[in-house]
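Participant: could you look at this predicted model? Sequence included:
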Amino acid sequence: NEQATTHEGIHARLLAAEQQIQQLREQNQKLEAVRDELSLQLQDTQIAAERDSSDLQKLHALHASAVKEHQEAAQRESEAAQRAQADAEALRVEVEELKE
């Protein structure tokens, strides 16, 4: 009879261990699903970050180009103003000479 009880106890512990193993497997599957979802989210985030970085680089390049164009236009404007001033001075001198 003691042997039957021991046998029943072992059997009960075996069943409990199998149930625990099954629960752990289910938890593991859930955790793997969460891990996979997080991995996909991370990939999406990395792709978005790379796209944002690329967009930012393009904006920096456009800004640098716009600054350069503005500097060149300001230089041309300054040169045109100097020529106009020189032309005006030359005309003033011509007018003075004509008056004489």
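Facilitator: On my side now, so go ahead.
Participant: and the gap between residue 68 and residue 80?
Facilitator: 19 Å (Cβ to Cβ, to the nearest Å). (C-beta placed from N, C-alpha, C; glycine too.)
Participant: just the element for the residue nearest the centre of the chain, please.
Facilitator: The chain has residue 49 as the residue nearest its centroid, 2.7 Å off, counting by Cα atoms, centre = their mean. In the assignment (DSSP states H and E), residue 49 maps to helix 2-99.
Participant: gap between that helix and the chain center?
Facilitator: Centroid separation for helix 2-99 versus its chain: 0 Å, with Cα atoms, centre = their mean, to the nearest Å.
Participant: counting contacts, what elements does it pack onto?
Facilitator: Using 3 or more Cβ pairs under 8 Å, 6 or more residues apart in numbering; DSSP states H and E as the contact criterion, helix 2-99 has no neighbours among helices and strands.
Participant: and stretch 61-75, what's its mean pLDDT?
Facilitator: Averaged over stretch 61-75, pLDDT sits at 96.
Participant: could I have the CA atoms of it written out in PDB?
Facilitator: Taking C-alpha atoms only, stretch 61-75 is exported to PDB below (Å, rounded to 0.1, in the frame of the first residue of the first chain):
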ATOM      1  CA  ALA A  61      22.800  70.400 -48.600                       C
ATOM      2  CA  LEU A  62      19.900  72.600 -49.900                       C
ATOM      3  CA  HIS A  63      20.600  75.200 -47.200                       C
ATOM      4  CA  ALA A  64      24.300  75.300 -48.000                       C
ATOM      5  CA  SER A  65      23.400  75.700 -51.700                       C
ATOM      6  CA  ALA A  66      21.000  78.500 -50.900                       C
ATOM      7  CA  VAL A  67      23.500  80.300 -48.700                       C
ATOM      8  CA  LYS A  68      26.200  80.000 -51.500                       C
ATOM      9  CA  GLU A  69      23.700  81.300 -54.100                       C
ATOM     10  CA  HIS A  70      22.800  84.200 -51.800                       C
ATOM     11  CA  GLN A  71      26.500  85.100 -51.200                       C
ATOM     12  CA  GLU A  72      27.200  85.000 -55.000                       C
ATOM     13  CA  ALA A  73      24.100  87.200 -55.700                       C
ATOM     14  CA  ALA A  74      25.300  89.600 -53.000                       C
ATOM     15  CA  GLN A  75      28.800  89.700 -54.600                       C
END
